[in-house]
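J.: quick one, fold the following:
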Amino acid sequence: MSLRVAGRCAGAFFLLAFVAYGSGSALAGQLAGSALVVLNSVMVAAIGVLVFRALRRPHPGAAWTYLVARGVEAFLLTAGIVLLDSVGADAADIAYQAAMLSLGLGSLPFCLALHRQRWVPRPLAIWGFAGYALLATGAVAELTGASVGVVPAIPGGLFEVVFGVLLLVRGFAPATTGQPATPAGPPGAGAGADGDLRVSRAALAAGLGLLSMAVLAGLAIFGVVDRLVSTDAVETTTRLLSNQRALVLAVVALFAVAGLDVLVAWALRAFFADTHRAVALLSAWCRTAYAVVFAVAITHLIAAAGLLRGGAATDRISPRVYARITEFEDIWSLGLTIFGVHLMLVGWLAWRSSTVPRWVAVLVAVAGAGYLADSVGALVSAGYAIEVAAVTFAGEVVLMVWLLVFAARSPHRRRSTPDGDHARQVQLA
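T.: As a prediction, this is how the structure comes out:
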C-alpha cells in the first residue's frame, strides 16, 4: 500500500470515526449505539496501524508511540461501553477521559513527525500539537475531579476533521512539492552501522521503558492499591472513598504500564532479532498478550472507581467494590503466567546472545520461572501463599540496568552525520 493510499484510508477513518462515535454516544444504552462505538474503536486502531506503517522508518519512536496510544484509546472506548451497561456512567466517564489522555499524549510526537515529514503545513501541525496538548490537559483535569466540559477537546477535534479532509485529498504526502518526505542514503551504505545503532537504540528504548514501568507500577500498586486494600470489604471501601483521586490516578498509571509493556516487548524483539528471529517474535507477542490481559484486569479498577464516584452508601457498594478489586488481582495473576513465559524466552535469547552476559540470562529466566510458579500455584491451590516472584523479580531489574548500561556505552550512539541519518534509522518492526 502506497503512502498516498494509506493516508487516504486514514483520512476516511478520521472522519468516519467522528460520525460513528457521535452517533453511538447519542444512542447510548442501545445495541446500535454500542455497535457504533465499537466500530469507532476499530477505526481508531486502524488509524494507528496506518500511521505506524507510514512513519516507522523515518520516525520509529513517534510511530510506535502513536500506535500504542491509539490502541489504548480504542480499548478504553470499548471498555467504556461495557462499563456503562454493567456499572454506570461514572465508570464509563473515567474510561473515556483516560482514552482522551492516551490520544492527547500519544499524538504530540505524531504532530512533530507530521511537520518534519512535511505532510501538513507548519501552522496545521502546530494547531494539532496545541489541540492535543489541551485535550490531554482537560482529560487530566476531569480525572482529578475538576469539571471542564468539552471545551478543551474542541481544538483537537477540529484538527482531526481538517487533517482527515487533507488526507483524503492527497494522502501522506509532502505539503511542499519537490522535496522528499524521507531523506535517502546510498543503497547499502552503513549497513553494519545501521544494525549496531538499531541494537543500541532498542536497548535504550527497552531499558527506559522498564525503568518507567517500575516507577509507575510501584506508585500505583504499592503506593495505592496495596496500601488501601485490606481483607475487609467495608474497610477497603471506606479507605478508597477517602482516596478516590489516588485510585483514578493509579488506574491511569497502570494503563501507561500496559502500553509500555507493548513498547518494551517490541524493543526487546528488535534487540534479540539477530539472535533468533522466530523466538524473539514469539516473546514479543507473549508480552503483548500479557499487556492485553493486564488491561482487561485494570478495567475492574475503573469499575471500582466508578462505583465509588456514584456516591452510594458504603455498606451498599462495598461488596461490589471489593469484588472488582478481587477480579483485578485474579485476572492479573492469570496474565502473569504469560508474562513468565515471555521472561523465560527472553532469558533463552539472552543465553544465546553474544552480547548479554550469561549470568544476566540466568537471572531473567529465573524471574520468569518465579512468575510461572506463583501463577500456577495460585490456580492449583486456593491456599497458595508463597510469593516466589517477590525474590526472583530481581532478574528484571538486572536486565533493565544492563540494557541501560549497554546503550550508554555503545560507540554507535554518537550523533550521525546528515548523509548517514537515513541509513541509521531504528526499526523496531
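
J.: distance of the residue lying closest to Leu50 once chain neighbours are set aside relative to Trp64?
T.: Nearest residue to Leu50, sequence neighbours excluded (Cβ to Cβ, 6 or more residues apart in numbering): Ala10, at 4.3 Å. No exception for glycine: its C-beta is placed from N, CA and C like everyone else's. Distance, Ala10 to Trp64, by Cβ to Cβ, to the nearest Å: 17 Å.

J.: starting at the chain centroid, how far to the helix or strand harbouring Leu307?
T.: Here Leu307, judged by DSSP states H and E, is contained in helix 277-309. Its chain's C-alpha centre and that of helix 277-309 lie 10 Å apart, by Cα atoms, centre = their mean, to the nearest Å.

J.: what's the following helix or strand after it?
T.: Where DSSP H and E defines the elements, the next helix or strand beyond helix 277-309 is helix 314-352.

J.: the helix holding Leu307 packs against which elements?
T.: helix 60-86, helix 89-117, helix 233-241, helix 244-271, helix 314-352 (3 or more Cβ pairs under 8 Å, 6 or more residues apart in numbering; DSSP states H and E).

J.: Gly306: which of those helices is closest?
T.: Of all those, helix 89-117 sits nearest to Gly306, with 2.5 Å by Cβ to Cβ.

J.: return the set of buried residues in the following helix or strand past the closest one.
T.: Using DSSP H and E, the helix or strand that follows helix 89-117 towards the C-terminus is helix 122-143. For helix 122-143, burial by neighbour count (16 or more other Cβ atoms under 10 Å) applies to 124-125, 127-129, 131-136, 138-140, 142-143.

J.: equivalent analysis for stretch 263-277, please.
T.: When burial is assessed from 16+ other Cβ under 10 Å, stretch 263-277 yields the following buried residues: 263-273, 275-276.

J.: which among the residues you listed gets closest to Val293?
T.: Lowest distance from Val293 to the buried residues of stretch 263-277 (Cβ to Cβ) belongs to Ala265, with 13.1 Å.

J.: list the residues that contact the nearest residue to the closest one once chain neighbours are set aside.
T.: Among residues not flanking Ala265 along the chain, Arg287 sits closest, at 3.5 Å (Cβ to Cβ, 6+ apart). Going by Cβ atoms under 8 Å, 6 or more residues apart in numbering, Arg287 touches 261-262, 264-265, 268, 338-339, 342.

J.: also His300?
T.: 324-325, 327-328, 331 are the contacts of His300 under Cβ under 8 Å, 6+ apart.

J.: if we go to 10 Å?
T.: His300 is in contact with 83, 87, 91, 251, 323-332, counting by Cβ atoms under 10 Å, 6 or more residues apart in numbering.

J.: among the helices and strands of this protein, which has the poorest mean pLDDT?
T.: Least confident element among the helices and strands of the chain, by mean pLDDT, DSSP states H and E: helix 389-392 (a mean of 78).

J.: and the helix or strand that that helix is followed by, what other elements does it pack with?
T.: Once the chain leaves helix 389-392, the next helix or strand it forms, by DSSP H and E, is helix 394-409. When contacts are defined as 3 or more Cβ pairs under 10 Å, 6 or more residues apart in numbering; DSSP states H and E, helix 394-409 sits against helix 191-217, helix 244-271, helix 314-352, helix 358-380.

J.: ok, back up a step: now render the contacts of Arg287 as a markdown table, adding pLDDT.
T.: Listed next are those as a markdown table, based on pLDDT from 0 to 100:
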| residue | pLDDT |
| --- | --- |
| Asp261 | 96 |
| Val262 | 96 |
| Val264 | 96 |
| Ala265 | 96 |
| Leu268 | 96 |
| Ile338 | 95 |
| Phe339 | 95 |
| His342 | 96 |
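
J.: of those residues, closest to Thr355?
T.: Looking across these and measuring by Cβ to Cβ, the closest to Thr355 is Leu268, at 12.6 Å.

J.: so that closest one makes contact with His342?
T.: Yes - using Cβ atoms under 10 Å, Leu268 makes contact with His342 at a distance of 8.8 Å.

J.: any residues in contact with both of the two?
T.: The contact lists of Leu268 and His342 share 283-284, 287, where a contact means Cβ under 10 Å, 6+ apart.

J.: in CSV, list those along with pLDDT and distance to Val120.
T.: Output for those, formatted as CSV (pLDDT from 0 to 100; distance: Cβ to Cβ, whole Å):
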residue, pLDDT, distance to Val120
Ser283, 97, 37
Ala284, 97, 32
Arg287, 96, 34
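
J.: closest one to Leu240 out of those residues, please.
T.: Nearest to Leu240 among the shared contacts of Leu268 and His342, with distances taken as Cβ to Cβ, is Arg287, at 30.0 Å.

J.: that older thread, and the residue nearest to Leu50, what does it touch?
T.: Counting by Cβ under 10 Å, 6+ apart, Ala10 makes contact with 43, 46-51, 53-54, 163-164, 167-168, 171-172.

J.: returning to what we had before: of the shared contacts of Leu268 and His342, closest to Leu15?
T.: Distance to Leu15 across those (Cβ to Cβ) is lowest for Ala284, with 32.8 Å.

J.: compute the distance between the nearest residue to the closest one once chain neighbours are set aside and Ala291, please.
T.: Spatial nearest neighbour of Ala284, chain neighbours left out: Arg269 (3.8 Å); criterion: Cβ to Cβ, 6+ apart. Separation of Arg269 from Ala291 (Cβ to Cβ): 14 Å.
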